[in-house]
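[1] return a 3D structure for these sequence lines:
(chains A and B)
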2 protein chains.
Amino acid sequence: MLKNIVLVENAGFCFGVKRAIDIAFDIAQKHKQGVFTLGPIIHNPQVVEKLKELGVYPIDNINEKNIKTLIIRAHGIPKEKFEELKKLGIEIIDATCPFVKKAQRLAEKLASEGYQVLIIGDKEHPEVKGIFSYAGEKAAVISSDEIPVLNKKIGIIQQTTQPLSKVKEIMNNIINSLNEFEEIRIFNTLCNFTHKRLQATEKVAREVDVMIVVGGKNSANTTQLANLCKKIGVMTYHIEDAQEIDKDWVKSAKKIGVTAGASTPQWIIDEVIDKIKKFTN
Amino acid sequence: MLKNIVLVENAGFCFGVKRAIDIAFDIAQKHKQGVFTLGPIIHNPQVVEKLKELGVYPIDNINEKNIKTLIIRAHGIPKEKFEELKKLGIEIIDATCPFVKKAQRLAEKLASEGYQVLIIGDKEHPEVKGIFSYAGEKAAVISSDEIPVLNKKIGIIQQTTQPLSKVKEIMNNIINSLNEFEEIRIFNTLCNFTHKRLQATEKVAREVDVMIVVGGKNSANTTQLANLCKKIGVMTYHIEDAQEIDKDWVKSAKKIGVTAGASTPQWIIDEVIDKIKKFTN
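    Presented below is the predicted three-dimensional model:
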C-alpha cells in the first residue's frame, strides 16, 4: 500500500458477521436447494448476490417458499419468531452472533428476576427487536436520556454495536437519577470488536484529509463510522463499493483513510484501495 | 419563632439515631445496672451524659467491665466483633440502624455472588468499617474516582450518609470505564432522610445571611452540612451547643438559618434558637 493510504485496523467483517457468512457458505455446499436466510444474511448486497449464486436466497416471509433449511442471520430474531419457526419442522441453523445471544439471554434473565429492562439502542434495528422480545413486558428501548421508569430495579443492556460514548452519556444521565432507584444493574453487552473499530477509525480520521467509509448505506454500524468521521471534521464519503469513488475526492489529498463496516467483505475493501491508488498515482 | 430565624426541616435526629436512643433509654429503665453501649451511642456528648445519669455507660473495650447488657449503636459494628460478642454470653441489644443493616446485608450478598464490592464512603467511619467487614476480601472503600478494579463484576454500595452529589460524581467516573467491566451493579443504600436534610439545608443556606450548624465536631454528617453551607458561600458557624454562639455572629444578620446533624437532640436545637432570639431582639 502507498504511504498516503491508511487502512483502519479491524475494518470490515466482525467476528459475528464472519461466522454467519461462513455458516451460510458451508450450508450452501452441503444442501443444493431449499436453503434460505431469514432476511439478507448481512447488510451487504454483494455478499447476498454471491450466496444467491450458490442457491441461498433471502426471504422475508416463511410461508412463501419450499423451505428445507432456514438460516437465522447474525442480528438474531425475536423469541416469538423463533418459536414459530421451530413448529414448522424445517432445519433451523442459528447463526445469531454469540454477543447478540448473550444480550438476549441477559435480557431474559433480568426480566425473570423482576428488573425493568432498558435497552440502549435503535428500536428499529433488527438486533434490538430480537433482544427486546426477551426483555419482558416493562422493557423499553432508549436512545436518549428520556427514561420511562416503572420499577425501582432497572437492568440495562446495550445493542452490541452502540458507540461507547453514547452509552456513557445515557448511563451518566441514569446515574444522575440514582435516588429514584433501589438498584441499577448494568451488563456490558457491547461488542468489543465494534468498539475497537470505532477507536481505530477515530485515530485515523484525525490524521488524514479524506476518509472513505465503505459499507451498505442501510448498515447502522457503517453509518456510525461515517458520522464519527464527519463529527471530527474530516471530509468524509460513505460508499458501498469502488465504483462510487470520484477522482476529485482523492486526487489532491495528502493522506487518505479507509475504514469499513462490519458487513463489508475484504474484496470490496481491496477494490476500494486499488481504485484510490489508481486515482492518486 | 421570629421571622428572621429559619429552622431547616428534618434538622436533628434521623430515624436510625432516634430509634437507637429510644432503645437505650428503654433498656436503662428495665435494667438498673450492667448496661453499656459499645462506643458512645451517638456523636453527641449531651445525650451520652444523660444516659450516664441513667446508668448506661459507653465502653470501648468489652473486657474491662462487668457487662450484663451491651447495646450496639446505630452505626453498627464489624461482623467479627459481632461474632466475638455473641460468644460472651451477655445480652446483646442490636440498635444498628436498619438502613445500615441493609447495606451490610447487600455487601455480604454481593461478595457471596462473586462481585468485587466497592463502598463509597469514608474508610475511617465506624459505619463503613462495619459494612466493609461484610464485603469480602476484594472489597475496597472509595472516596474518589481512583478505583482499584480487580474483578470484571463490581457491586457498589454507599455509606448511608454520603451526599448524593459525591456518589453521582464517583459513579459517573466508574461508568466512564464501563468497557473494562462485564457488569456493574449498584444498590442505592443512601439514607433518604439524610438526603432530604442536605437538600433542605441547601435551600435555607441560599436564603440567609448566616447559617448556624449544630452538632458534634466529630459528627461526619454535621460536618457535611457545614461544608455544604460554606461551599454555597454563606457565613457558617459549626457549634456543639448554644453556649458557643457569639452575639457578633448574628446581631446584624437579617435572616439566620439553623440546621442540625443526625445526632443533635431537639433540646439543643431549641436552646440554640432561644439564644439567637435573645441576641437579635
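
[2] just list the residues touching the nearest residue to A:K152 once chain neighbours are set aside, thanks.
    In this structure, A:K152 finds its nearest non-sequential neighbour in A:E182, 4.1 Å apart by CB to CB, 6 or more residues apart in numbering or on different chains. Every residue, glycine included, has its C-beta placed from N, CA and C. Counting by CB atoms under 8 Å, 6 or more residues apart in numbering or on different chains, A:E182 makes contact with A:K152, A:K153, B:F187, B:N188.

[3] biggest separation within the residues you listed, which pair?
    A:K152 and B:F187 (10.9 Å; CB to CB).

[4] shared neighbours, the two?
    Joint contacts of A:K152 and B:F187 (CB under 8 Å, 6+ apart) are A:E182, A:E183.

[5] who has more neighbours, those two?
    Using other CB atoms under 10 Å in any protein chain shown as the criterion, A:K152 and B:F187 rank with B:F187 on top: 22 against 14.

[6] could you pull up phi and psi at that one?
    phi -100, psi 130 (degrees, to the nearest 10).

[7] wait, it touches B:T160, no?
    No - checked against CB atoms under 8 Å, the pair B:F187 and B:T160 is beyond contact range at 11.6 Å.

[8] confirm for me that A:G261 is in contact with A:N227.
    No - using CB under 8 Å, A:G261 makes no contact with A:N227, being 11.8 Å away.

[9] neighbour count for those two, which is higher?
    Set A:G261 next to A:N227 and count neighbours by other CB under 10 Å: A:G261 wins out with 29 against 14.

[10] with adjacent residues omitted, what lies nearest to A:L88?
    Spatially, and ignoring its direct neighbours in sequence, A:L88 is nearest to A:I62 (6.8 Å; CB to CB, 6+ apart).

[11] neighbours of the one you found, how many?
    A:I62 has 15 nearby residues by other CB under 10 Å.

[12] same question for A:I157.
    Under the neighbour criterion other CB under 10 Å, A:I157 is assigned a count of 27.

[13] next one: A:V117
    Neighbour count for A:V117, taken as other CB under 10 Å: 26.

[14] now it: phi and psi?
    Taking degrees, to the nearest 10, you get phi -90, psi 130 for the backbone angles of A:V117.

[15] the bottom helix or strand of chain A by mean pLDDT?
    For chain A, using mean pLDDT, DSSP states H and E, the weakest element among its helices and strands is helix A:45-53, scoring a mean of 88.

[16] now the element after that helix, going C-ward?
    strand A:56-59 (DSSP states H and E).

[17] residues of that next one that come out buried?
    If you call a residue buried by 16 or more other CB atoms under 10 Å in any protein chain shown, then strand A:56-59 has these buried ones: A:V56, A:Y57.

[18] chain center to the helix or strand following it: distance?
    Downstream of strand A:56-59, the next assigned helix or strand under DSSP H and E is strand A:69-72. In terms of CA atoms, centre = their mean, to the nearest Å, the centre of strand A:69-72 is found 19 Å from the chain centre.

[19] what's the mean pLDDT across strand A:69-72?
    Mean pLDDT, strand A:69-72: 94.

[20] now what about the helix or strand just after that strand, what contacts it?
    Toward the C-terminal end, the helix or strand that comes next after strand A:69-72 (DSSP H and E) is helix A:79-86. Contacting residues not belonging to helix A:79-86 are listed as A:L38, A:I62, A:L70, A:I72, A:I77, A:I92, A:Q104, A:G130, A:S133, A:Y134 [CB under 8 Å, 6+ apart].

[21] with respect to pLDDT, which of those ranks lowest?
    A:I62 (79).

[22] surely it is in contact with A:L70?
    Yes - using CB under 8 Å, A:I62 is in contact with A:L70, at 7.1 Å.

[23] okay, stretch A:131-147 in PDB with CA atoms only?
    C-alpha atoms of stretch A:131-147 as PDB (Å, rounded to 0.1, in the frame of the first residue of the first chain):
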ATOM      1  CA  ILE A 131     -33.300  -8.600  22.200                       C
ATOM      2  CA  PHE A 132     -36.500  -6.600  23.200                       C
ATOM      3  CA  SER A 133     -38.600  -9.700  22.700                       C
ATOM      4  CA  TYR A 134     -36.700 -11.400  25.600                       C
ATOM      5  CA  ALA A 135     -36.800  -8.400  27.900                       C
ATOM      6  CA  GLY A 136     -40.300  -8.700  29.500                       C
ATOM      7  CA  GLU A 137     -43.300  -6.500  29.300                       C
ATOM      8  CA  LYS A 138     -41.900  -3.500  31.100                       C
ATOM      9  CA  ALA A 139     -38.900  -3.300  28.800                       C
ATOM     10  CA  ALA A 140     -38.100  -0.100  26.900                       C
ATOM     11  CA  VAL A 141     -35.600   0.800  24.200                       C
ATOM     12  CA  ILE A 142     -33.800   4.100  25.000                       C
ATOM     13  CA  SER A 143     -31.700   6.200  22.700                       C
ATOM     14  CA  SER A 144     -31.600   9.400  24.800                       C
ATOM     15  CA  ASP A 145     -31.800  10.300  28.400                       C
ATOM     16  CA  GLU A 146     -35.600  10.100  28.500                       C
ATOM     17  CA  ILE A 147     -36.100   7.100  30.700                       C
END
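
[24] alright, calling it a day.
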